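**Student:** Provide a 3D model corresponding to the input given below.
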Amino acid sequence: MNLPFNLDEFRRYPGMFLPRVTYDTVVAYLLGIDEACDREFLKGFQEWIVPIVNTGSNQAWTELVLRIAFPKSIDPRRELLKESNIKIAIECLFQCLEDFFAEKQKDHGIDLIIRRYQDWLNSWINS
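**Tutor:** Residues are numbered from 1 along each chain as shown. Below is the predicted model of the structure:
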């Protein structure tokens with residue numbers, strides 16, 4: 001896996017880093033890393049995920065990940081009320097991050113991500 005900041009360890013043992021492991025505490029930890037990195041860590045993640053979900057440019061990436069984790073759910077956030085679904089949501093988040101970082105690290109990766117998002121947005125506006 002090619003996650004920065006040794007996120008492999010955090011992914012495997014989130015309880016070593018967090019007092020309580022929930023989807024929201026994992027998200028908060030990642031947002032803290034992003035803030036500490038002057039918002040460069042997750043730069044482009046919102047733009048990367050919107051075309052994948054094919055909706056939700058007005059929703060935060062945190063909610064879009066849940067749409068991927070629970071594609072058949074009308075209310076994906078409600079799925080987190082089931083204890084067994086928290087692990088599913090967290091693993092989906094890390095898989096999305098892994099895929100995002102793999103693409104972002106390619107030559108002109110962030111430019112390609114932004115261009116794909118703009119193309120998606122233009123097609124959505126024009127449809």
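
**Student:** pLDDT averaged over stretch 75-82 - what is it?
**Tutor:** The average of the pLDDT scores along stretch 75-82 is 96.

**Student:** Going by neighbour count, which residues in the longest helix seen in the chain are buried?
**Tutor:** Longest helix of the chain, by residue count under DSSP state H: helix 83-104. Residues of helix 83-104 classed as buried: 85-86, 88-90, 92-94, 96-98, 100-101, 104 (neighbour count, 16 or more other CB atoms under 10 Å). Glycine gets a C-beta too; all of them are placed from N, C-alpha and C.

**Student:** Where does pLDDT dip in the chain?
**Tutor:** Low-confidence segments of the chain, defined by pLDDT under 70: 1-5.

**Student:** Show the residue spans covered by the helices in it.
**Tutor:** 7-12, 23-36, 45-53, 61-69, 83-104, 109-126.

**Student:** Might you calculate how far stretch 41-59 sits from the centre of the chain?
**Tutor:** Centroid separation between stretch 41-59 and its chain, computed with CA atoms, centre = their mean, to the nearest Å, is 8 Å.

**Student:** list the buried ones in it?
**Tutor:** 41-53, 57.

**Student:** now do stretch 107-117
**Tutor:** In terms of neighbour count (16+ other CB under 10 Å), stretch 107-117 has its buried residues at 109, 110, 113, 116, 117.
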